[in-house]
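Colleague: Got a sequence here, can you model it:
(2 chains)
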There are 2 protein chains.
Amino acid sequence: MHASTTPAALYAQYEAKMRKIADLKNAAAVLEWDQETFLPAKGAAARRRQLATLRSTAHGWFTDQQMEDILQGLAESDKLSEVERSNVALTLQDYQKQKKYTAAFVEELSLATSTCYQAWVEASRHNDYGRFEPALRHMVSLKRQEAELLGYQAHPYDALLDDFEKGATVAMLDRIFAEVKDALQQFLSPILATGGAEEHLLHQSFDKDRQWSFGMEVLQTMGFDFEAGRQDLSPHPFTTSFSSQDVRLTTRVDEQDFGNMTWSCIHEGGHGLYEQGLPASAYGLPAGEAASLAIHESQSRLWENNVGRGRAFWRYFYPVLQRYFPEAFGGVEEEKFYRAINRVGPSLIRTEADELTYHFHIMIRYTLEKSLIDGTLTTSDLRDAWQQMYRQYLGVEVPDDRRGVLQDVHWSHGSFGYFPTYSLGSFYAAQFYRAACRDIPDLDTQVSQGKLLGLLEWLRQHIHRHGRIYPAEVLCEKVTGEKLQFRYFMDYVRAKYGELYPA
Amino acid sequence: MHASTTPAALYAQYEAKMRKIADLKNAAAVLEWDQETFLPAKGAAARRRQLATLRSTAHGWFTDQQMEDILQGLAESDKLSEVERSNVALTLQDYQKQKKYTAAFVEELSLATSTCYQAWVEASRHNDYGRFEPALRHMVSLKRQEAELLGYQAHPYDALLDDFEKGATVAMLDRIFAEVKDALQQFLSPILATGGAEEHLLHQSFDKDRQWSFGMEVLQTMGFDFEAGRQDLSPHPFTTSFSSQDVRLTTRVDEQDFGNMTWSCIHEGGHGLYEQGLPASAYGLPAGEAASLAIHESQSRLWENNVGRGRAFWRYFYPVLQRYFPEAFGGVEEEKFYRAINRVGPSLIRTEADELTYHFHIMIRYTLEKSLIDGTLTTSDLRDAWQQMYRQYLGVEVPDDRRGVLQDVHWSHGSFGYFPTYSLGSFYAAQFYRAACRDIPDLDTQVSQGKLLGLLEWLRQHIHRHGRIYPAEVLCEKVTGEKLQFRYFMDYVRAKYGELYPA
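Modeller: Predicted coordinates for the structure are as follows:
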């Protein structure tokens, strides 16, 4: 059918179709954003069906015969530019993957996800894993089916990982996490024994409006473009985007906890800067999408931790903060504040953990979900396994399910394979930040003067503008000269926390 | 193809398809709402294409062969209920109308609309109709083509009116407006000669947050369900709905003008109550839609004018208002306030007109746009014609285009035939409110005690729950026992303003 179509015309067809599919997906993203920020309670049912129609239509367009014809026609062409070839190759991979899903399976999974999420909400309310377990059991069996349906080489979990981090495998993660566990445990054991700095500093009373204004000032300084995005409130902070010119952040404000808003703001700001930095001209194409979840997370964590919990950042921002909160911080020295925000200690809740012990929370989830998927752990034994691992890794007793196995929403969404990207994001962040410091010798000075745009420009240049053209590992090599190396994270940790907690 | 399909199964297909189309249209409505309330400036371009994709897909589904097969199969069936038959008949009418549009014409019109709107924005900025005229000329020629394409019996404007008010015709409007003009001019001439009450009362300084809170209290009292809707700020107040369980109002707050927010709030609240009263079970079907634009406007105007500018309403709300604004209203008697909010006088701007002279603004637009469509007026002569009619109808000199022919956005959108529904809405409102007073003998007392739910229940029962099943005129007969009669509006006017302005 393409005998009479030139490669350029066929590529134009491909672009047009991809962009219409993106229009539907972005419309769905607007509806989801509204759902989390503004939707009145009774509007939920109609919203669910509107989202289902948008998603199933987008999926239908992406997997139809026309798409196959276009992609096959383009795959045979040798007249495309390098970026065009990458776009087509990546889309073909996505297409082949999507085609493996039968309509019946998609429907069953979608139904099971609704049920499982409802069960999780219910179980959380009652603080009772028992109410979640049957739905989770069904979900796990479906995810195991999904792994078979997609196919894998070494481990069924690899098939699911691919959804979140293309190229990541159990073999790779097992190797990294073994290293992480050894290095962090060795480094942390003396620190955890000391107790740590005062933390009550951050738990005073902080006016909501002032917190909001401070957060907005930080985002401005980071270079977030408020003509191409905005920030609103939602119960759980997130970032979404409807084009690189319309990126939405959300945050939450806790009047008793200054850190809650501040680091969620910086974290989501990092995600948002990445989205704003993706090439607008590649709307709807792989070249206009984020490289991977771990790379996305590298951007949020680089800003949140490497920058936002650093001395240089607060050299500039602490006097600003003191002006916003003279009662709380007026008489507190910068060094004391810096130590308070970098306090290290074991905890029960992943999202409240410091940047070191955080990775134990991830390792626990990774180990458990991998075992659920390969069948060596059943959902009936999950709660016990969870409690045992928290004892073993963090030395804490889990007092109830809400602060234990029920704390994260991910499994109820069917997201098995998501958690590891959080840790990978931190490790990429350390390696990227090291490269940025190499390329911008006075970066620390710039940051300490509130000049954050040099760093942003570096990220734009080396990471953002490439979209999804390079796989995460390849991108990492291009940026840093090496594949992902966990040791750069440990170098960062040793330098920073070695000084804070001298042996 | 329907030999083997039962009517019930075919009707289920019809419902499912209509609801999926509604999902796309409602998704588009969410995107438009966001565009008016929250969209960052640079997001506009991607938003336009997302909306175009949603709209063209919805149009494609609505006019495809499957829809024709379903509708024809159902039209032949005698197994449907009365409401089902109405849904099918109305959908068939819509289908037949939509099929008349060629793809080429739709595209040209859509393009011309963008251009024309941009030209209007530009011309308004420069206060120069000359910059708008070429685009408007093209738009008028397209609307004349559209009238031919759709077909009509007596007058080409009838074909366009049908989009906004099915069943309305030039013959009917000419008759009504002749009556309106005579009766109102006769009634108003002595009033306009007197000058009117003080108005500066309403133009003091009114704190934004307090205005907002007062507006929210009014909406609560009217019975607007904030679990099935919300209110936000936008430059131009409007109401939209994504289902009867998710109705969005917007308002604007002018610190110098208390009336601006208050009546836009009540007006949009009236629209919103109608949307919330439509049967949720008929989502996506004619039975779940508003009867017509004029009926929609009857709901907003009944609340805004018949209720919201009445003595009874302020008997309850004036003390509330005084508590919100003790400085501005603490020492002002209720009667003085009542007279100020019902001041009558000629003006230049339609949206700021009182409820009597308002209809002259509409008649001017109706006369002009009808003449543009039948070719007896050209766009080159439009500005002169406008100025002459304002002199003739309202005795005012138009000082510039911004306060003249450029003041409304409607023509730039290609909305020819929309304006008359504003007047029809007021006339329906008067007739409906009279019927409500007949059915609820103590309505005035209820309103004066802040009890507005009896009226809402009456509107729900007699108007809202019927959706679009009855044409406006038939609905009016069912509710009031008569077709639309302009004299009920004049009865209302004479009773209210005869007392305010005794001869």
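Colleague: Let me see the domain layout of chain A.
Modeller: Annotated domains of chain A cover A:7-153, A:200-341+A:450-470 [automatic domain parsing].
Colleague: Next one: the longest one, is it in contact with chain B?
Modeller: Yes - interface with chain B: domain A:200-341+A:450-470 contributes A:225-230, A:232, A:242-243, A:245-246, A:283 (Cβ under 8 Å from any Cβ of the partner chain). C-beta: built from backbone N, CA, C; applies to glycine.
Colleague: mean confidence score for that domain?
Modeller: The average pLDDT within domain A:200-341+A:450-470 is 96.
Colleague: ok now that domain, how far from the chain's centre?
Modeller: On the basis of Cα atoms, centre = their mean, to the nearest Å, domain A:200-341+A:450-470 sits 14 Å off its chain's mean C-alpha point.
Colleague: and if you look at stretch A:21-37?
Modeller: On the basis of Cα atoms, centre = their mean, stretch A:21-37 sits 18 Å off its chain's mean C-alpha point.
Colleague: and it, which residues are buried?
Modeller: A:21-36 (16 or more other Cβ atoms under 10 Å in any protein chain shown).
Colleague: could you pick out which of those are near chain B?
Modeller: A:23-24, A:26-28, A:30-31, A:34.
Colleague: Take those residues and lay them out in JSON lines including distance to B:H138 and secondary structure.
Modeller: Listed next are those as JSON lines, based on distance: Cβ to Cβ, whole Å; DSSP: H, G, I helix; E, B strand; the rest coil:
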{"residue": "A:D23", "distance to B:H138": "27", "secondary structure": "helix"}
{"residue": "A:L24", "distance to B:H138": "32", "secondary structure": "helix"}
{"residue": "A:N26", "distance to B:H138": "31", "secondary structure": "helix"}
{"residue": "A:A27", "distance to B:H138": "30", "secondary structure": "helix"}
{"residue": "A:A28", "distance to B:H138": "36", "secondary structure": "helix"}
{"residue": "A:V30", "distance to B:H138": "32", "secondary structure": "helix"}
{"residue": "A:L31", "distance to B:H138": "35", "secondary structure": "helix"}
{"residue": "A:D34", "distance to B:H138": "36", "secondary structure": "helix"}
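Colleague: want to throw those residues into CSV with pLDDT?
Modeller: Formatted as CSV, these follow (pLDDT from 0 to 100):
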residue, pLDDT
A:D23, 97
A:L24, 97
A:N26, 98
A:A27, 97
A:A28, 95
A:V30, 97
A:L31, 95
A:D34, 95
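Colleague: I'd like these laid out as a markdown table, including distance to A:H203.
Modeller: Formatted as a markdown table, these follow (distance: Cβ to Cβ, whole Å):
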| residue | distance to A:H203 |
| --- | --- |
| A:D23 | 45 |
| A:L24 | 44 |
| A:N26 | 39 |
| A:A27 | 41 |
| A:A28 | 38 |
| A:V30 | 36 |
| A:L31 | 36 |
| A:D34 | 33 |
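Colleague: Farthest-apart pair in these, please.
Modeller: Across those, the longest distance by Cβ to Cβ is 16.7 Å; it joins A:D23 and A:D34.
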